[in-house]
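Undergrad: Predicted model and sequence follow; I will ask about them next.
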Amino acid sequence: MPGKTLSIFIDESGDFGAYEPHAPYYLVTMVLHDQNDDISESIYKLDSHLQNLNYNAHAIHTGPLIRRESIYSQEQIEVRKKLFNSLFHFARKIKFHYLCIQVSKKDCSNITLLTSKLSKKIFQTLQQHVCYFNQFESIVIYYDNGQVELTRILTGIFTPLFSQVEFRKVLPVDYKLFQVADLICTLELLNQKASSNAFSHSEMKFFSSIREFKKKYVKPIQKSGSLYNNTVLFLCREFCGPMNPPHQIIVDLFWL
């Protein structure tokens, strides 16, 4: 539809360094939001709740929140859970979709292999959902440029794929949806750890059990937001037509 703009908020978990057993994955989360869907009331309610917890103009960072690190090092678990749940329930109430691209660093012996594998996975994921993206006249990508390598990958893939793409550097405190991207990155990473019963002591204490973690957080957020769900696949079929699969796009990845 002409005039529609898609916002994409991107966050990552991991780095481009060597494989380490305690951080075996690199994840990229993309939160997709149609700018026609007004979320201002939900933002106001979240801000009010954070103020009641004495966190004014605060960007919730879920990893340190769970591990009781950084600004949360002196905070009791009850308050940390309230902060976490406030962002989680905000995400559950608004309309958005997300994609999460995951790469096992164990299979990448150097930065070149990691860059190549991550680039291909991001490209393939976007291509699989090209009909969804083509519903929008323009795309605005919000990233904090936290990692130069990922910034280069994103610009190298999005620019050839879509004709109207704008990149904006974001401050997490300014955008709740960027904080939602951080939340989902954390949940998807912990879901990987849960599959191998690898929760740390602080993670187990925060969520009580792996079963409770999956039931209360992973399943609800995946059901409501993941772009792999049937609702969005239906939208893609509706946009492309029942007999017309998404058209193929070829991008020159020589720059890798």
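TA: It's in.

Undergrad: Now do Val148: how many residues are near it, please.
TA: Using other CB atoms under 10 Å, the number of residues around Val148 comes to 9. The way it works is simple: take the backbone N, C-alpha and C, and place the C-beta from them, glycine included.

Undergrad: Any buried residues in stretch 205-221, and which?
TA: Buried residues in stretch 205-221, counted by 16 or more other CB atoms under 10 Å: Phe206, Phe207, Ile210, Phe213, Lys214, Tyr217, Val218, Pro220, Ile221.

Undergrad: ugh, wrong one, stretch 39-49
TA: Residues Ile39, Ser42, Leu46, Asp47, His49 are the ones in stretch 39-49 that count as buried (16+ other CB under 10 Å).

Undergrad: how about CSV for those, with secondary structure, pLDDT and distance to Leu87 added?
TA: Shown next, in CSV, are the buried residues of stretch 39-49 (DSSP: H, G, I helix; E, B strand; the rest coil; pLDDT from 0 to 100; distance: CB to CB, whole Å):
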residue, secondary structure, pLDDT, distance to Leu87
Ile39, coil, 97, 13
Ser42, helix, 97, 11
Leu46, helix, 98, 7
Asp47, helix, 97, 11
His49, helix, 96, 10
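
Undergrad: tell me, what residue is most central in the chain?
TA: Of all residues in the chain, the one closest to the mean position by CA atoms, centre = their mean is Thr29, 2.6 Å from it.

Undergrad: So it sits against Cys185, correct?
TA: Yes - at 4.4 Å, Thr29 counts as touching Cys185 under the criterion of CB atoms under 8 Å.

Undergrad: got any residues that touch both of these two?
TA: Shared contacts of Thr29 and Cys185, defined by CB atoms under 8 Å, 6 or more residues apart in numbering, are found at Asp11, Glu12, Ser13, Cys100.

Undergrad: Show only the entries of those residues found in strands.
TA: Under the assignment DSSP state E, those contribute Asp11, Glu12, Ser13, Cys100 to strands.

Undergrad: Closest one to Ile157 out of those residues, please.
TA: Proximity of those to Ile157 was ranked by CB to CB; the top entry is Glu12 with 14.4 Å.
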